[in-house]
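Novice: predicted coordinates and the sequence they were generated for:
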Amino acid sequence: MHKLVQMKSKTYNGLDLLKFIMALFVVMIHVKPNAHSEILTAMLNPIMSVAVPIFFVLSSVLLFNKLMKVNGGGYAPLLRYSKRLAILYFCWLIVDAWFVLFKRPYVSDGFPDGCFEFVKDLFLGTTFPGSWFLSALLVSVVLVFLGMRTIGKWAVLIFTLLLSLYTYYVDMLPAQIRVAYDWYAANVREEVNLSFPSQMIWVAIGMWLGCNLEQLIKHRKKFLPWAIGASVICYMTALCCSNPVLNYVWVVAICLTAFFIDIPDKPIFKRIRNYSIVIFLFHFSIAGKMLMFCAIVGNTLLTNWFYYILVVMVSIAFAEIVLRLEKIPQLRFLKYLH
């Protein structure tokens, strides 16, 4: 979503590269090519655990940076961002209409129950595979922005941090404190960790980075070694244990590293920026066919990795087709797929 809020005066090729790499790890989450290797699983699972959070941060950091420059934090960029994100969601909703109609219970629930469930899932849940990211991003950005304007940046950051910790450690809490979580899981979305209450912290981190981006960039030479060092230390620690606080620090360190690294401007970075969101949303269409594939060629580490590479290549090919077709005047609407 980096494309949604490009800054005319500055491009961050490191962000485009990081988002593309994280898209490959998101595919890995669903294809699971490491299932037959404990070593690869242990080495790559920590990175997969922060792939989606990094997407949230990178999709919001430049927006909030721009919001602070326009009328002291005006609403116009937020409205444009929300509109662009809503169009992106709607386009992929059309692409995955078959799934929404035949895999979701909206039609069988009838009217008005089916319509109510659809609207609820549209904004607070999931309508097609991967759509929860778009809805959680949209809701989180709006709430974080409103919170920033009313109670302040630090208050928003602290509140979302506490909310994230609450959803992470909820099983360890007394029943009385679980009431809100249980109600949300029962009435809104069962997978609370895949909805805005648990993911809003990443948008809040993107807000904090965006609001302080200029100051951070001024000291990039001083901060870059620290960011790289923190990233390495967090990864090594995650190999032994995992907790949300470690992931908060790790995600910030990785994103800062991407900001601080000065990569020469080349057309390829704009292209892989567009690839990233298409890969993120399209790969679900073929990732689920792995069992069928393995039934034919066998279920081994080699075949699993072959299928993973196949999913990535098909997703990139689909993205490239979209980018080429959208140049045709009659097909310009395809640009809304990324």
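Specialist: That came through, no problem. As the structure is a prediction and not an experimental result, all values here were calculated from the model.
Novice: angles on the backbone of Ala253, please.
Specialist: The main-chain torsion angles of Ala253 are listed as degrees, to the nearest 10 and equal phi -60, psi -40.
Novice: change the start of the numbering to 51 and stick with it
Specialist: Noted, 51 is the first residue going forward, which turns the last one into Ala303.
Novice: check contacts around it.
Specialist: Contacts here follow C-beta atoms under 8 Å, 6 or more residues apart in numbering; on that basis Ala303 touches Ala277, Ile278, Ala280, Ser281, Cys284. (C-beta placed from N, C-alpha, C; glycine too.)
Novice: same thing but at 6 Å, please
Specialist: For Ala303, the contacting residues are Ala277, Ala280, Ser281, by C-beta atoms under 6 Å, 6 or more residues apart in numbering.
Novice: mind listing which of the residues you listed are in helices?
Specialist: Here DSSP state H is the test, and the contacts of Ala303 give Ala277, Ala280, Ser281 as lying in helices.
Novice: pretty sure Val347 sits against Thr353.
Specialist: Yes - under the contact definition of C-beta atoms under 6 Å, Val347 touches Thr353, with a separation of 5.1 Å.
Novice: more neighbours: these two, which one.
Specialist: Comparing Val347 with Thr353 by other C-beta atoms under 10 Å, the one with more neighbours is Thr353, at 17 against 11.
Novice: listing request: residues of the chain with sub-threshold pLDDT.
Specialist: 51-60, 119-124 (pLDDT under 70).
Novice: and the strands in it?
Specialist: Using DSSP state E, the strands of the chain do not appear at all; there are none.
Novice: so what's the residue count around Leu196?
Specialist: 13.
Novice: kindly report the same for Asn349.
Specialist: 14.
Novice: quick check: the gap between it and Val220.
Specialist: The gap separating Asn349 from Val220 is 35 Å, by C-beta to C-beta, to the nearest Å.
Novice: and Ala186, how far from Tyr219?
Specialist: When C-beta to C-beta is applied, the distance between Ala186 and Tyr219 equals 20 Å.
Novice: the more surrounded of those two?
Specialist: For Ala186 against Tyr219, the residue with the higher neighbour count under other C-beta under 10 Å is Ala186, and the figures read 26 against 11.
Novice: now do the contacts for Cys305.
Specialist: Here Cys305 is in contact with Val107 (criterion: C-beta under 6 Å, 6+ apart).
Novice: for the most centrally placed residue in the chain, list the residues it contacts.
Specialist: A centroid search over the chain (C-alpha atoms, centre = their mean) returns Phe105, at 3.5 Å, as the residue closest to the centre. Listed by C-beta under 6 Å, 6+ apart, the contact partners of Phe105 are Met72.
Novice: between the contacts of Ala303, which is closest to Pro314?
Specialist: Among these, Ala277 lies closest to Pro314 (C-beta to C-beta), at 19.9 Å.
Novice: list the buried ones in stretch 297-312?
Specialist: By neighbour count on 16 or more other C-beta atoms under 10 Å, the buried set for stretch 297-312 is 297-298, 300-311.
Novice: with stretch 205-219 instead?
Specialist: Using 16+ other C-beta under 10 Å as the burial criterion, the residues of stretch 205-219 that qualify are Val206, Leu207, Phe209, Thr210, Leu211, Leu213, Ser214, Leu215, Tyr216, Thr217, Tyr218.
Novice: which ones among those map onto helices?
Specialist: When DSSP H is applied, the buried residues of stretch 205-219 are split such that Val206, Leu207, Phe209, Thr210, Leu211, Leu213, Ser214, Leu215, Tyr216, Thr217, Tyr218 fall in helices.
Novice: for Leu187, see how far away the fifth one is.
Specialist: Spelled out, it's Leu211. Separation of Leu211 from Leu187 (C-beta to C-beta) stands at 18 Å.
Novice: kindly report the same for the third one.
Specialist: Computed with C-beta to C-beta, the distance linking Phe209 and Leu187 is 18 Å.
Novice: tally of neighbours for the closest residue to Lys116 other than its chain neighbours?
Specialist: Counting by C-beta to C-beta, 6 or more residues apart in numbering, Pro127 is the residue found nearest to Lys116 once chain neighbours are left out, at 5.2 Å. Residue neighbour count, defined by other C-beta under 10 Å, stands at 21 for Pro127.
Novice: cool, thanks, signing off.
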